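1. requesting a structural model of the entry that follows:
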Amino acid sequence: MFKVDLGGGAELRPLEPWQAEEFLAHIDRARATVDPWIPWASRSTDLASARQTLQRYADLQARGEGRILGIRLDGVLVGGVMAFDFDEHSGVCEVGCWLEPAGTGRGLITKSAALLIEWLIRDRSVYRVEWHCRPDNVASSAVARRLGLKHEATLRANFVWKGVRYDTEIWAVLAPEWPGIEA
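-> Numbering: from 1, shown residues only. As a prediction, this is how the structure comes out:
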């Protein structure tokens, strides 16, 4: 198994279906701050559904269409990053993140997302990486800004959560814009 040292007792590692119990406990701790932003979080409410969420990403990974990685702080799962909607033909992929309060303020999401984007561009030949978030998720748009992504558009009323429609901001970076990548 691989892991990446993020510093300060934090590391980035794959999340897999056999870790569903740990994942569910984490999501339960994070639920209030994650549910409004991450659709699968509100569907991961018991062991079977948590395992199903992780299995979905395992299946994406097996097909080369996505991946989910957990962020652990002092051995405890506190958040993660994910890649999905990978279209090999167009070279476009979306990334996302989530974090429970115990992991905030340490730059863990920015470091982890940067590593994921770097991997997608260098190893998977992704040309365009997208980051979607609601305009009221200021923490998420701040990470996109810190990563150097550009705000390209706001899709009006395209995301429904608990029966209410929300806008979605689209942020993106192109491979030649990523630091250290030559055109």
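2. which parts of this protein are helices?
-> Using DSSP state H, the helices of the chain run over 20-34, 39-43, 47-62, 108-122, 138-146.
3. which one of those helices lies nearest to Thr154?
-> With Cβ to Cβ as the criterion, Thr154 lies closest to helix 138-146 of these, at 10.6 Å. To be clear about C-beta, it is placed using only N, CA and C from the backbone, and glycine gets the same treatment.
4. which residues are in contact with the closest one?
-> With contact meaning Cβ atoms under 8 Å, 6 or more residues apart in numbering, helix 138-146 is reached by Trp37, Cys97, Ile109, Thr110, Ala113, Trp131, Cys133, Arg134, Pro135, His151, Glu169, Trp171.
5. please pick the buried ones from these.
-> Trp37, Cys97, Ile109, Ala113, Trp131, Cys133, Arg134, Glu169, Trp171 (16 or more other Cβ atoms under 10 Å).
6. strands - which of those residues land there?
-> Cys97, Trp131, Cys133, Glu169, Trp171 (DSSP state E).
7. just put the contacts of helix 138-146 in TSV and tack on pLDDT and distance to Ser44.
-> Below are the contacts of helix 138-146 laid out as TSV (pLDDT from 0 to 100; distance: Cβ to Cβ, whole Å):
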residue	pLDDT	distance to Ser44
Trp37	88	13
Cys97	96	16
Ile109	97	19
Thr110	97	24
Ala113	97	21
Trp131	98	21
Cys133	96	19
Arg134	95	19
Pro135	96	25
His151	98	29
Glu169	97	24
Trp171	98	25
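8. can you redo the residues you listed as CSV with distance to Arg56?
-> CSV is the format used below for the contacts of helix 138-146 (distance: Cβ to Cβ, whole Å):
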residue, distance to Arg56
Trp37, 18
Cys97, 17
Ile109, 21
Thr110, 25
Ala113, 20
Trp131, 20
Cys133, 20
Arg134, 22
Pro135, 27
His151, 28
Glu169, 24
Trp171, 24
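9. for this protein, name the helix or strand with the lowest mean pLDDT.
-> Using mean pLDDT, DSSP states H and E, the weakest-scoring helix or strand in the chain turns out to be helix 39-43, at a mean of 88.
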